[in-house]
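J.: Generate coordinates for the sequence data below:
(2 chains)
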Amino acid sequence: GAVVSQHPSWVICKSGTSVKIECRSLDFQATTMFWYRQFPKQSLMLMATSNEGSKATYEQGVEKDKFLINHASLTLSTLTVTSAHPEDSSFYICSAPPAGDTQYFGPGTRLTVL
Amino acid sequence: DAKTTQPNSMESNEEEPVHLPCNHSTISGTDYIHWYRQLPSQGPEYVIHGLTSNVNNRMASLAIAEDRKSSTLILHRATLRDAAVYYCILSFSYGGATNKLIFGTGTLLAVQP
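T.: Sure, this is the predicted structure:
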């Protein structure tokens, strides 16, 4: 099946710094990718839709200036958590659809902000 | 977005069939029924999806009620590796565009040896 990768798989940073997470579709092109956040023992929460060549669409309540999304190419989307704080510590997951309605998910990135 | 209702948790024994139910009484005619599962500390994994007819693949079967207000994911022989959270999600696809997936709380499946 289709493969989606994320980098890094985990990151620890100091409060106030920015962290960039990459999401790549390895064997297909994706004009749309999705970013989710998951807190411990909770379900995935959709943060935003990343669109190649245009601005991302953010879900209600997600700060677009804090979570910067750039869909640089048909195989790469990046999520930058700016001025990270401990409450941003979470599991960040991206997904992409090879075709149609099925989505393939990355392995996730564990962010810990000290 | 149409909502789904799943039991919080279920238990099964290894090598026995598992039937995971999902209610979606407000489903619309164009909503697809998707199932994904998530193992601990991993991203979700696609399992199966369907619109009206029952579907089979190498992982599972999806049985869809005639009125489409409910569906059941069937794992024919549960293994320890099937222990995961299973999510039933409705998704509308129009014109080839991919719709976003809104995850509910899912069903935590425990498999006993």
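
J.: count of neighbours near A:Glu87?
T.: For A:Glu87, the count of nearby residues is 9 (other CB atoms under 10 Å in any protein chain shown). Where you see a C-beta, it was placed from the backbone N, CA and C, and this is true even at glycine.

J.: which residue sits closest to the residue in chain B positioned nearest to chain A, ignoring its sequence neighbours?
T.: Ranked by CB to the nearest CB, the top residue of chain B for proximity to chain A is B:Gly43, at 3.5 Å. Spatial nearest neighbour of B:Gly43, excluding adjacent residues (CB to CB, 6 or more residues apart in numbering or on different chains): A:Phe105 at 3.5 Å.

J.: Kindly report the same for A:Leu74.
T.: A:Leu74's closest residue in space is A:Gln29 (CB to CB, 6+ apart), at 3.9 Å.

J.: try A:Ser18
T.: A:Thr82 (4.8 Å).

J.: Need the residue closest to the centroid of chain A.
T.: The residue lying closest to the centre of chain A (CA atoms, centre = their mean) is A:Trp35, at 3.8 Å.

J.: Please identify the buried residues of stretch B:20-29?
T.: Neighbour-count burial for stretch B:20-29, counted by 16 or more other CB atoms under 10 Å in any protein chain shown, picks out B:Leu20, B:Cys22, B:Asn23, B:His24, B:Ile27.

J.: The nearest residue to B:Leu51 once chain neighbours are set aside sits in which helix or strand?
T.: Nearest-residue entry for B:Leu51: B:Tyr32, 5.4 Å, with adjacent residues in sequence omitted and distances by CB to CB, 6+ apart. Using DSSP states H and E, B:Tyr32 sits in strand B:31-38.

J.: That strand - which strands sit beside it in the sheet, and in what orientation?
T.: Strand B:31-38 has its sheet partners listed here by DSSP bridges as strand B:45-50 (antiparallel), strand B:84-92 (antiparallel).

J.: hey, least reliable of those by pLDDT?
T.: Looking at the strands paired with strand B:31-38, the lowest mean pLDDT belongs to strand B:84-92 (a mean of 91).

J.: list the buried ones in it?
T.: For strand B:84-92, by 16+ other CB under 10 Å, it's B:Ala84, B:Val85, B:Tyr86, B:Tyr87, B:Cys88, B:Ile89, B:Leu90, B:Ser91, B:Phe92.
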